[in-house]
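In: next comes the sequence, and after it the predicted model I'd like to discuss.
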Amino acid sequence: MNDLLQVRGISKRFGGLQAVSDVSFNLGEGEILGLIGPNGAGKTTLFNLVNGVFKSDAGTIAFWGKDITGRSPDQVVHLGLARTHQIVRPLSGMSVLENVIVGACFGREKQSMREARTTALEVLERVGLADRANSSARALTLAGKKRLEVARALAARPKLLLLDEVLAGLNPTEIGQMISLILSIRDGGVSVFMIEHVMQAIMNLSDRIVVLNLGRKIAEAPPAEVVKNADVVEAYLGFPDIVDKLRGAQ
């Protein structure tokens, strides 16, 4: 498996808080890599470092054979790395279709409006929102808005998709539908790096899992090994329901 993303010794401090400390890992082409850890572990900060929202204090990030350390989010997405956000951010004054057109216009291929419209319609069909194309984005349910986030990112034609808690707040049926969508994205040739607190789902989806605690990587292994890792269980001791789910995944 060829490495698509290589993170080496990445660190980020905010004042007196060391949010991410000397974190290294690889992500291979065609892989789903999970990222877990207790609240405040540094997961979203790590995402923000990878896609250029934050500049790292130390370390390097390489994507698709290019050094992207310090590059801005717009430069990173043009190289083929797109993301969703933990808090859904639709362009509420626009239609569902227009939201996805934006992703295509400003994505890796920098498509024209005509090309972007075609891409957007294809992606909306893929994520199950084709029938809502002309609806206002603000009128969607939470599940719909999460699908819209994924659609807008997919329209950018990424090689790597970062998913930040796309299952949060969904009911079991919606979670199952989103899991099927994520697997279809991977099977369509897009690698996935995802943060998730729905433990059973991320254990079943991921090829490997990286675990953060207090900004440091404490484990990196296939799910079957992660759930048996004493450091991981200890990190979650303040969250007994998560510990039970970890043990139940063994």
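Out: Now that the structure is in, tell me what you want to look at.
In: please tell me how far the residue nearest to residue 170 when sequence neighbours are not counted sits from residue 176.
Out: Counting by C-beta to C-beta, 6 or more residues apart in numbering, residue 170 lies nearest to residue 143, which is 5.6 Å off, once chain neighbours are set aside. C-betas here are computed from N, CA, C, even on glycine. Distance of residue 143 to residue 176, given as C-beta to C-beta, to the nearest Å: 11 Å.
In: neighbour count for the two, which is higher?
Out: Per other C-beta atoms under 10 Å, whichever of residue 143 and residue 176 has more neighbours is residue 143, with 19 against 13.
In: pLDDT on stretch 225-237, on average?
Out: The average pLDDT within stretch 225-237 is 84.
In: secondary structure class for the residue nearest the centre of the chain?
Out: Note on the chain: the residue nearest the mean C-alpha position is residue 163, at 1.9 Å, using C-alpha atoms, centre = their mean. Put simply, residue 163 is strand when judged by DSSP: H, G, I helix; E, B strand; the rest coil.
In: so what sits opposite it in the bridge?
Out: With DSSP bridges as the criterion, residue 163 is bridged to residue 194.
In: isn't it right up against residue 82?
Out: No - the pair residue 163 / residue 82 is not scored as a contact, 9.9 Å apart, by C-beta atoms under 8 Å.
In: state the pLDDT value of the residue nearest to the centre of the chain.
Out: What the model reports for residue 163 is a pLDDT of 97.
In: now do residue 202 against residue 100, distance only.
Out: As defined by C-beta to C-beta, residue 202 lies at a distance of 26 Å from residue 100.
In: scratch that, residue 181 is what I was asking about
Out: Taking C-beta to C-beta, one finds residue 181 at 15 Å from residue 100.
In: more neighbours, these two?
Out: residue 100 (32 against 19).
In: Provide a list of residues in contact with the more buried one.
Out: 119, 120, 123, 124, 148, 151, 152, 155 (C-beta atoms under 8 Å, 6 or more residues apart in numbering).
In: before I go, just wanted to say thanks for your time.
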